[in-house]
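Q: Sequence first, then the predicted structure, then my questions.
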Amino acid sequence: MSAFNFYNLKAEECFAQYQALSFEQVHRDWLDLLPGKAGMALDVGAGSGRDAAALAAKGWDVVAVEPASELLAFGKSHSQGMPVHWLADTLPELGKVRALSQTFDLILVSAVWMHLPESTRERAFRILANLLAPGGLLVISLRHGPSQDQRIFHKVSVAELEQFAKQQALKPRRVSRTSDAMQRKKVNWETVVFQLHDDGTGALPIVRHIIVNDSKSATYKLGLLRCITVIAETLPGLVIRRNDTEVTLPLGALALVWLQLYLPLLARKNIHQNPQGTYGFAKTAFFELGKLSGFDLQMGGRFEDGKAAWVHQALKDAAANILKMPTKYTTWPGTDSPVFSGQTFRTRTTGSNLCLDKEYLSSFGEFNVPTSIWDCCSQYACWIDPALVNEWALVSKSWNKGVAVSTIRDALELNPPKRCVTEARKLAIALIESNADLRCVWTAGKLNDTNLAIDHCFPWARWRNNDLWNLLPATDKANNSKSDKLPSAPRMESSKPAITRWWQEGYLQSPLSESFWVQAKAALPFSEQLSEVDGLFDAMCLQRAVLRKNQRLEEWR
């Protein structure tokens, strides 16, 4: 029996059953998160109106959605005279709710989600996320256990909801587990609370608007926002200047990340990024760079002769396209005013060699990002980037009918495409073979060619960085123990002599010395003027604290 038919036939019985429990009994595990200031709430699957009436009594204006007409009539009668507005509507569409053109400070989806088939749930979650106001809470309860009547319940999970939330840039606030309030055997519940974060600047809702709601005739707006997010999270040292209103970046840095993002899609996979399949930046030089590996176009990379000319021209074409297209058309909601701005500098054709460093990338021009949006992209990249990838894949799919969404998502993996410790390992092996006393930076255990591992100090799985300063020699045992954890502050401090010694003996006395400093100055805060390892270590420890706060990483103690 369909849920609609069941609730219509059993409306009086269900009404009495639901009213036997109080709002506080059912929702006690998350009520402390309820904003002190009442706003506008959406109760999806409002049933008897118990929860809608309780919220209305607390001062909330409530839109109550119930698709079963008989149950709706009972609920409407129960809440008469209260600020509860009833609509006959249903997930996943919620067409009548969306026609209101309103957003909600609280969306409650209680004892509903198990009614939705798996094929409809991603769309349903996306629509709910779009209805959230800045700072708003989305509360979804999950029923686990067999049906004890004619209703059909589908299997549901917290993991699925958390994946949907990542795609929609919502922040998880709480997961709670409870037994069944009606004391039904083999029935238990999980409640998950998500939030559309608002730090007071309104930046994250603006970012999310660009990702999800802004009109797109190509993927360029998503590409630009992803470039900014990548630089904010992984290359903050490239900032030229900052004030209260805007942060200024090298235009060439945007162009470099742009190439890293679009080369796998166009030059290697031929996945269209607009309906026409033509692109102002994808010219001869761009496709020549498609012959390079994903590791070549990284900070500190050096190019000579013909390759230098191709890299320079491809960056120049990308920089021009960024200003001409997405910068011009990414506007504040409801206006024609661009969110971002920039200008090009006249650049000469490069000589026979170039190095991808801050000075060179700054020669292409400057790009300005509102400070609030920059800070938002820096702090919430771990939620913003998955949302960007998801929307980018869905938008691209409309122009690539024969390509699976999973294939597009794979092509959108950030370069570098995988962990790479080759150069660091070569240097470590060379030191071992020269009988140098090379030791594990974490345990001081002596290293040899059988127990040597190269550890990403800040774990690759959480922060994709193959920079030399982040690659440290360790024993296999220590590396396995650390796994994907972040070294604690005391652990870092106790290992400082070993880390700085490795930097000096491994990198700074090798041909990689210049690349080491270029990468470190681009990735670590306040490191642009540094030229000695003690100061660089301090900058590394500050970045550790930033990663711990922004990504809530588990620490290795």
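A: That came through, no problem. Residues are numbered from 1 along each chain as shown.
Q: the strands in the stretch 351-500 of the chain, which residues?
A: 353-355, 365-370, 452-456, 471-475, 486-487 (DSSP state E, counting those that start in this stretch).
Q: Pipe those into CSV and attach mean pLDDT per row.
A: Below are the strands of the stretch 351-500 of the chain laid out as CSV (pLDDT from 0 to 100):
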stretch, mean pLDDT
strand 353-355, 91
strand 365-370, 97
strand 452-456, 97
strand 471-475, 98
strand 486-487, 94
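Q: looking at those, which is closest to residue 509?
A: Closest to residue 509 of these is strand 471-475 (C-beta to C-beta; 14.8 Å). All C-beta atoms are positioned from the backbone trio N, CA, C, and that covers glycine.
Q: from the chain's centre, how far out does that closest one sit?
A: 29 Å (C-alpha atoms, centre = their mean, to the nearest Å).
Q: circling back: residue 241: which of the strands of the stretch 351-500 of the chain is closest?
A: strand 365-370 (9.1 Å).
Q: contacts for that closest one?
A: Applying C-beta atoms under 8 Å, 6 or more residues apart in numbering, the contact partners of strand 365-370 are 203, 228, 240, 245-254, 319, 322-323, 327, 339-345, 377.
Q: let's go with 6 Å and repeat that
A: 228, 246-249, 251, 254, 340-345 (C-beta atoms under 6 Å, 6 or more residues apart in numbering).
Q: Could I have the ChimeraX command that selects the buried members from the residues you listed?
A: Selecting only the buried entries of those in ChimeraX, with 16 or more other C-beta atoms under 10 Å as the criterion:
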select :228,246,247,248,249,251,254,340,342,344
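Q: from the contacts of strand 365-370, which ones fall inside helices?
A: Mapping the contacts of strand 365-370 onto helices (DSSP state H) picks out 228, 251, 254.
Q: Show me which of the residues you listed is closest to residue 546.
A: Closest approach to residue 546 among those (C-beta to C-beta): residue 228, at 17.1 Å.
Q: quick one: residue 270 from residue 262, how far?
A: Distance of residue 270 to residue 262, given as C-beta to C-beta, to the nearest Å: 12 Å.
Q: ranges for the helices of the stretch 401-550 of the chain?
A: Counting by DSSP state H, counting those that start in this stretch, the stretch 401-550 of the chain has helices at residues 405-411, 422-433, 476-482, 489-494, 496-502, 513-523, 533-551.
Q: which one of the ones you listed has the most crowded surroundings?
A: helix 513-523 (a mean of 22; mean count of other C-beta atoms under 10 Å).
Q: And the contacts of it?
A: By C-beta under 6 Å, 6+ apart, helix 513-523 touches 235, 237-238, 299-300, 357, 467-469, 507, 527-528, 536.
Q: Considering those, which possesses the most neighbours?
A: residue 469 (26 neighbours; other C-beta atoms under 10 Å).
Q: ok, it to residue 382 distance?
A: Counting by C-beta to C-beta, the gap from residue 469 to residue 382 is 22 Å.
Q: repeat for residue 504
A: From residue 504 over to residue 382 (counting by C-beta to C-beta), the distance is 33 Å.
Q: and if you look at residue 517?
A: For residue 517, the distance to residue 382 - C-beta to C-beta - is 27 Å.
Q: related to what we said a few turns ago, and the contacts of helix 513-523, which two are furthest apart?
A: 238 and 507, at 20.6 Å, using C-beta to C-beta across the contacts of helix 513-523.
Q: got any ranges where the chain has weak pLDDT?
A: 1-4, 8, 148, 199-201, 348-351, 415-417 (pLDDT under 70).
Q: How is it partitioned into domains?
A: 3-195, 203-411, 422-556 (automatic domain parsing).
Q: that older thread, and which of the contacts of strand 365-370 is nearest residue 480?
A: residue 228 (36.0 Å).
Q: show me what contacts the closest one?
A: 369, 377.
Q: How much space separates it from residue 385?
A: 11 Å.
Q: again with residue 139
A: 25 Å.
Q: which of these two has more neighbours?
A: Neighbour count, other C-beta under 10 Å: between residue 139 and residue 385, residue 139 has more, with 25 against 20.
Q: Can you tell me the SS state at that one?
A: strand (DSSP: H, G, I helix; E, B strand; the rest coil).
Q: what's the neighbour count on residue 323?
A: If we define neighbours as other C-beta under 10 Å, then residue 323 has 20 of them.
Q: Against residue 394, how distant is the closest residue to residue 396 other than its chain neighbours?
A: Excluding the flanking residues, the one nearest residue 396 by C-beta to C-beta, 6 or more residues apart in numbering is residue 408, at 5.0 Å. Distance from residue 408 to residue 394, counting by C-beta to C-beta: 9 Å.
Q: Could you say which helix or strand holds residue 287?
A: helix 284-289 (DSSP states H and E).
Q: who touches that helix?
A: Counting by C-beta under 6 Å, 6+ apart, 267, 310, 313-314 sit against helix 284-289.
Q: what's the next secondary structure element after it?
A: The helix or strand immediately downstream of helix 284-289 is strand 302-304, counting by DSSP H and E.
Q: Report the buried residues of that next one.
A: 302-303.
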